[in-house]
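Trainee: Sequence and predicted structure below; questions after.
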Amino acid sequence: MLTFLLRRLLAAIPTLFGVALITFVLFNLVGGDPTYQMLGKHATAQQVAELRHEYGFDRPLPIQFVDYLKQIVTFDFGRSYATKQEISSMISNSLGPSMSLAIPAFIVTTLLGIVIALLVAYHRGRAVDRVGVVLCVIGMSLPSLAYILFGQYVLAYQMGWFPISGWDSEWSERWSYISMPLLIWVAVSLGHEVRFFRTAILEETGQDYVRTARAKGLPEKRVFFKHVLKNSMVPIVTNVVLEIPLLILGAFLLEGFFGIPGIGSMTIDAVNNSDLPVLKAMTTLTSFLMIFGNLMTDIVYTWVDPRVSLK
Amino acid sequence: MKVRVGHALRAGLVGVAALAILVSGCSKKGGVAPGTLRYPIRAKVKGLDPIHADDEFSGTISHAPYENLYQYHYLKRPFTLVPQLAAAMPTISKDGKIWTIPLRQGVLFHDDPSFKATAGKGREMTADDVIYSFKRLADPKNRSSGWWVLDGKILGLNAWREAATKAGTTDYAAPVEGLVALDKYTLQLKLPQPSYQLIYSLQMTFTSIVPREAVEHYGKEFINHAVGTGPWKLSEFNGSAKAVFVKNPTYREELYPSEGEAGDAEKGLLADAGKRLPLADKLVYTIFVEDQPMWLNFMKGTLDITTIPKDNFAQAVGPDGQMTPDMKTQNITLHVTPQLDVTHESFNMDDPLVGKNKYLRQAMSLAINDKPFIETFYNGRAIPAQGPIPPGLAGYDEKLKNPYRQFNLEKAKQLLAKAGFPEGKGLPTLEYITYSNSTNRQFNEYIEREWATLGVKVKFTTYSWPEFQASIKNRKGQIWSFAWGGDYPDAENFLQLFYSKNGSPGPNDSNFKNAEFDRLYEKALLLPDSPARTALYQQMQAIVIEESPWIPMVHRLGYNATRSWLKNFKRIDEQHNPSKYYRVEAPAKN
């Protein structure tokens, strides 16, 4: 196990290097020069030159790339070009709001998705299954913006069930503000999750060992919940664990419309402003988390399926 | 079993929804205390350090806790400067080069832990604080985008800045010839040459007065703190969500104005004359990056004021330009004034084709029909621009008709032929640079269609916003669309956009060069506000119209809607925070 972990961690180094290289090349080639935006509309040629020198934009690209690698190692990306705020503070301040929406939404979606998938799969081909699949397709087909506009106008403005938007640092108030975006997150994601989980479960029901179990005369519920469910957990766990690192990116549309000061909208702002330090930090952080997520998936496999061993 | 499954499924879904509603319903809703102003801000706010407040929203919020030497009179129009931290308007020497400014006595900074010598009690503001604040703006280490407001205007300040750049450190103790504290309450400014625009600099957020102790105490985190002398003291700040201020208990005595312009008394704007400011107890700015939640919050009564988003315009304002009956029923009031701005198409005057062919530029200008353009893109909320000077400024002439902005396709075709391209023959496809967003795509299609009828073809090169700015500043592309929002209410701020010494990367993006224009501009700089200066402004504008480095498009109208309980609202577009004058009569009603 330890050897496996070390090997995987070492393999992560070239992956991170590749991600860093792509990020660097991409934003240096097409990201635009943030100098003019930073200096404002009255910039002079001298100020432009001084700022470019101060930030090292006039240095050869390989040297700038080496500096970037140093930042990755120390995880010190300095301050944002656009806001002049410290990037570590920006991330830590945005992470809480994003996670206070993303984590409950993720847990509710996953649990509800598994429960509903089990129910529709158990009743495969019957009315419950057909209605469930149709609802999933409808849910997946509607853009999230439609849910947001409907939610804010009908549920919040007209019905008054929720605040229209807002944010509060106190948890007692925060729950009221994240309840509707949470509901929308679940509604938007549930269709996809249920369909995926249902497919994974149904694939197992067609396996030889299930036929054998039924031939032995095991009750259907026992076949389904003891054998099928356990084996279908491998693809389900893979899907779920791999989604966890992506939670860090937040949900920029929900954050934007509901006034949640999260990491998703922070990242979008950085893209729009060519705020390279923030983008470097977010790319690196996401890469780390993806690598960690993959590693966790492999470890969880061993718990779910004893046949899997890590070497 | 089937029945049980159906029940379980329904129960699960209903449970999630009910829990969400329950959680939401359990929270405190509404309940806004009387005297709380709830104000929307249309973008995230970078921070509160006034020397970095270079966008409208940072500027607005930074003006809540900080003050300047001067401010605009809240009610008088045209805009009139009156003392704020200064005790009187400056006394200016005969040669215009020495300004003596008396300061108010007994003005205290907000209480803050950075005032260690007074155990956290805010100390008195003096002339040394003004000098420190101006030097801080000039400090090259701070890289303030607002340095231009003092650049070249104070004797010795540029040299002080250059010395700091060369040394790599800044010596705040080093004297600056043009910044002198004659005594604790008297500031003397010495100018290298007369500048009648300097007074405007002294009301801009960049020149707000900050205490050295707080700047040094918080270091780079000063951007997240606010220690000023203003009516509002910072209570909570998250630049992505909200900023909350409470009434500053140590605020000096400042009174609501007792006079305004004609009609103000009838509108109730003098009802609070003579009352001590601020009139509200608390100020809550909420950040909205999307229009819908801002509008719905206003309609729900959880905001006291709003701008009117394009998509909600028809709901709010009828074809007659008045509030719709639905809005009137809710006692919502509409406020409309021209903004101090101009949108325009710019030609790259360094380009060998469009920059050297006046008739081509004039033809393209004549081919754009402004009436459907304004209806399509501004819901009619704009005034066709005839030149760069916007309404409300000396030099603006509402009777002026720019001969190249009166839509006339036939005349445009004649000019195109005169330019050497009859019906567009021989004219290569022109490069129009733009940045990516949905409104721009629609705008580009409109312009492309208009010019196609003339025989002029354009291809669009689309960039991100920073790339777009860099392209303009590096003189790439042949045509682009841009807007200029006035920094202060003087036509000079718009005419400087054509002064050759302000070429890229300066504000003269089109790199227009005209010796006669430059001569008139330099002459006008030395004159105070007067009919002679206004005449020079109009001569300069005439040159711009004839040479057409721009196609002036519109001066936008600013719209606000206010709830009935918000009193004393008067539109003011300068980067100025009028919140101290507002009164909230009753709690919000849903």
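Mentor: Noted; the coordinates are in hand.
Trainee: contacts, neighbours, all on C-alpha from now
Mentor: Will do.
Trainee: contact partners of stretch B:140-160?
Mentor: Under the criterion Cα atoms under 8 Å, 6 or more residues apart in numbering or on different chains, residues A:38-40, A:42-43, A:51, B:51-54, B:135-138, B:161, B:164-165, B:169-170, B:174, B:176-179, B:189-193, B:195, B:198, B:201, B:206 lie in contact with stretch B:140-160.
Trainee: quick one: contacts for residue B:316?
Mentor: Listed by Cα under 8 Å, 6+ apart, the contact set of residue B:316 reads B:308, B:323, B:324, B:326, B:327.
Trainee: make it 7 Å
Mentor: Residues in contact with residue B:316 (Cα atoms under 7 Å, 6 or more residues apart in numbering or on different chains) are B:323, B:324, B:327.
Trainee: export the residues you listed to CSV and tack on pLDDT?
Mentor: Shown next, in CSV, are the contacts of residue B:316 (pLDDT from 0 to 100):
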residue, pLDDT
B:323, 92
B:324, 94
B:327, 93
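Trainee: between those residues, which has the most around it?
Mentor: Ranked by neighbour count (other Cα atoms under 10 Å in any protein chain shown), those have residue B:323 at the top, with 22 neighbours.
Trainee: which residue packs closest to that one, ignoring adjacent ones?
Mentor: The shortest distance from residue B:323 to any residue other than its chain neighbours is 4.5 Å, reached at residue B:317 (Cα to Cα, 6 or more residues apart in numbering or on different chains).
Trainee: near chain A at all, the one helix or strand residue B:298 maps to?
Mentor: Per DSSP states H and E: residue B:298 is located in helix B:291-300. Yes: legend: contact between helix B:291-300 and chain A by Cα under 7 Å from any Cα of the partner chain is shown at B:293, B:296, B:297, B:300.
Trainee: Now list the buried members of the residues you listed.
Mentor: Using 16 or more other Cα atoms under 10 Å in any protein chain shown as the burial test, those include B:293, B:296, B:297, B:300 as buried.
Trainee: what's around residue A:205, how many residues?
Mentor: Using other Cα under 10 Å, residue A:205 has 21 other residues around it.
Trainee: Apart from its chain neighbours, what residue comes closest to it?
Mentor: residue A:228 (6.2 Å).
Trainee: Now do the contacts for that neighbour.
Mentor: By Cα under 7 Å, 6+ apart, residue A:228 lies in contact with A:201, A:204, A:205.
Trainee: which one among the residues you listed gets closest to chain B?
Mentor: Within the contacts of residue A:228, the smallest distance to chain B is 17.4 Å, found for residue A:201 (Cα to the nearest Cα).
Trainee: Tell me how far the spatially closest residue to the closest one that is not a sequence neighbour lies from chain B.
Mentor: In space, and not counting its chain neighbours, residue A:201 is closest to residue A:232: 5.2 Å by Cα to Cα, 6+ apart. Residue A:232 is 21 Å from chain B, where distance means Cα to the nearest Cα, to the nearest Å.
Trainee: on that earlier part again, ok now the helix holding residue B:298, how far from the chain's centre?
Mentor: How far helix B:291-300 lies from its chain's middle: 23 Å, per Cα atoms, centre = their mean, to the nearest Å.
Trainee: and the residue of the stretch 201-311 of chain A found nearest chain B, what is it in contact with?
Mentor: In the stretch 201-311 of chain A, the residue that lies nearest chain B is residue A:261 (5.0 Å; Cα to the nearest Cα). Shown in contact with residue A:261 (Cα under 7 Å, 6+ apart): A:94, A:97, A:255, B:240, B:241.
Trainee: ok, now which ones touch the second one?
Mentor: So the one you mean is residue A:97. The contact partners of residue A:97, taken as Cα under 7 Å, 6+ apart, are A:260, A:261, A:262.
Trainee: cutoff 8 Å now
Mentor: By Cα under 8 Å, 6+ apart, residue A:97 lies in contact with A:260, A:261, A:262, A:263.
Trainee: still on that earlier bit, residues near the residue nearest to residue B:323, how many?
Mentor: 20.
Trainee: Next: residue A:159.
Mentor: 11.
Trainee: Low-confidence ranges, the chain, go.
Mentor: Picked chain A for this. Counting by pLDDT under 70, the ranges of chain A that qualify are A:31-32, A:250, A:308, A:310-311.
Trainee: let's do chain B instead
Mentor: Within chain B, the segments meeting pLDDT under 70 span B:1-34, B:438, B:573-575, B:587-590.
Trainee: returning to what we had before: and the residue of the stretch 201-311 of chain A closest to chain B, helix, strand or coil?
Mentor: coil (DSSP: H, G, I helix; E, B strand; the rest coil).
Trainee: same deal with the one 4 residues further on?
Mentor: The three-state label given to residue A:265 by three-state DSSP is helix.
Trainee: what distance separates stretch B:300-317 from the middle of the whole chain?
Mentor: Computed by Cα atoms, centre = their mean, the chain-centroid distance of stretch B:300-317 equals 20 Å.
Trainee: Stretch B:542-559 too?
Mentor: The gap between the average C-alpha position of stretch B:542-559 and the chain average comes to 18 Å, counting by Cα atoms, centre = their mean.
Trainee: Flag every buried residue along it.
Mentor: B:542, B:544-545, B:547-559.
Trainee: How about the residues of the stretch 101-250 of chain B by chain A?
Mentor: Counting by Cα under 8 Å from any Cα of the partner chain, the stretch 101-250 of chain B comes close to chain A at B:143, B:144, B:145, B:146, B:148, B:221, B:223, B:240, B:241.
Trainee: May I ask which two of these are separated the most?
Mentor: The distance between the two most remote of these (Cα to Cα) is 30.3 Å, for B:148 and B:241.
Trainee: Appreciated, that's everything.
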